[in-house]
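K.L.:
My questions concern the predicted model and sequence given below.
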Amino acid sequence: MAKAIALLSGRLDSILATKLVLEQGTELEAVNFVTVFCTCTAKGKTCLASKSAADKLRIKLKVFEVSKEYFEIIKNPKYGYGRNMNPCLDCRVFMFKKAAQYMKETGAPFIVTGEVLGERPMSQRRDAMQIIERDSGLKGLVLRPLSAKFFEPTIPEKTGIVNREAFLAIQGRSRKPQIQLADSLGINDYPCPAGGCLLTDSGFANRMKDLIRHKPDFTINDVQLLKLGRHFRLTPEAKLIVGRNQDENKRLLNLAKDGDLYFNPSEVRGPTGIGRGVFNNNSLSVASIIIARYSDGKLNGQIKVICRQESNSNTVSITASSLGLNELEKMRI
């Protein structure tokens, strides 16, 4: 029999579910789907938490980078957003469809998830779980060992591939049952349950909304920029990102593309700014004033800011005065 597929995020619930099935002697292969919105990735290529968990569980891990496909889900989720820009239900359907496709390719008989009934308000309600199974084409093939006793037996349970009696009846948002189970299984190294997706963060979500509104054909690079610095919407066509420290200044420069503008104070210490979009004389002036606002020196209230393009050796020197806090906040995303 082909290995079953475990959806392994690397967090405690997925580790426990995988462990319970492995202890029955069932062979598993772990899969993980990463996007540019994941907070546990190394340069967007792999999930550090899932890799660590797979290594400890001694199972193979297959990682899929799915950012570009996922962008379409974010722009128009069928089941809407959570509190911020998180399309949790649509996200689960999307990931389960990907898992179903990999099941067919490998001949796997079912998938295992760490879902707990009632733990997450948007995607782990009973009706939401039923929608996910239906829309992904996995009805009867999703095994949830932690909450199995609250659901009808799945096909692998009915056919005796796995022993249903060894599974549990955990529900709700309390983590105590999982922590107790982890202790009993000798699992003591796992990530905290919080975090995982930038789309649940209100600050990042506001930047994402602005990006979709003004640049619906955004790229992975555009999203990577949202993770850094201070963001200012100067006009519908022009945006400025300002580094908050030396490390962010370097990272902004690494993400800059041909056609972007570079802003730096020329005579005092200050931030690097990246201008993206179409700038006119007024937006150039405003961008320079913002750079001056975050620079160290005042030079009698006037700071010289240099603006240049990577592909163009010409530079423009703009003498800028500092900007008031109220004016600044009106433009800040």
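P.N.:
Yes, it's here. Computed from a prediction, not measured in an experiment: that's the story for all the values here.
K.L.:
show me the residues around the residue nearest in space to the middle of the chain that make contact.
P.N.:
Centroid check for the chain by CA atoms, centre = their mean gives Phe37 as the closest residue, at 2.0 Å. By CB atoms under 8 Å, 6 or more residues apart in numbering, the contact list for Phe37 reads 67, 70, 197-199, 223. C-beta here means a position set from N, CA and C on the backbone, and glycine is covered the same way.
K.L.:
go with 6 Å
P.N.:
Contacts of Phe37 were listed using CB atoms under 6 Å, 6 or more residues apart in numbering, and they are 197-199.
K.L.:
and if you look at Gln309?
P.N.:
Going by CB under 6 Å, 6+ apart, Gln309 touches Leu261.
K.L.:
Then the one 10 residues further on?
P.N.:
Remark: with contacts taken as CB under 6 Å, 6+ apart, Thr319 is in contact with 302, 304.
K.L.:
Bridging across strands, which residues link to it?
P.N.:
Here Thr319 sits in beta bridges with Lys304, going by DSSP bridges.
K.L.:
Can I get the contacts of Phe37 in CSV including pLDDT?
P.N.:
Listed next are these as CSV, based on pLDDT from 0 to 100:
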residue, pLDDT
Cys197, 89
Leu198, 94
Leu199, 95
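K.L.:
Tell me the one of those nearest Asn163?
P.N.:
Cys197 (33.5 Å; CB to CB).
K.L.:
so where do the helices sit in the stretch 51-200 of the chain?
P.N.:
67-75, 88-106, 126-136, 155-158, 176-184 (DSSP state H, counting those that start in this stretch).
K.L.:
Which one, of those, ends up nearest to Leu255?
P.N.:
Evaluated over the helices of the stretch 51-200 of the chain, closeness to Leu255 peaks at helix 67-75, with 14.9 Å, by CB to CB.
K.L.:
in the closest one, what's buried?
P.N.:
Across helix 67-75, burial judged by 16 or more other CB atoms under 10 Å covers 67, 70-71, 73-74.
K.L.:
Run through the protein and note the low-pLDDT ranges.
P.N.:
1, 41-46, 192-195, 297-301, 310-316, 320-324 (pLDDT under 70).
K.L.:
quick one: the strands in it?
P.N.:
4-7, 28-34, 61-65, 111-112, 142-143, 230-235, 238-242, 261-265, 273-277, 303-309, 312-320 (DSSP state E).
K.L.:
okay if I get those strands as JSON lines plus distance to Ser136?
P.N.:
Shown next, in JSON lines, are the strands of the chain (distance: least, CB to CB, whole Å):
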{"stretch": "strand 4-7", "distance to Ser136": "11"}
{"stretch": "strand 28-34", "distance to Ser136": "13"}
{"stretch": "strand 61-65", "distance to Ser136": "15"}
{"stretch": "strand 111-112", "distance to Ser136": "9"}
{"stretch": "strand 142-143", "distance to Ser136": "8"}
{"stretch": "strand 230-235", "distance to Ser136": "35"}
{"stretch": "strand 238-242", "distance to Ser136": "37"}
{"stretch": "strand 261-265", "distance to Ser136": "44"}
{"stretch": "strand 273-277", "distance to Ser136": "37"}
{"stretch": "strand 303-309", "distance to Ser136": "46"}
{"stretch": "strand 312-320", "distance to Ser136": "49"}
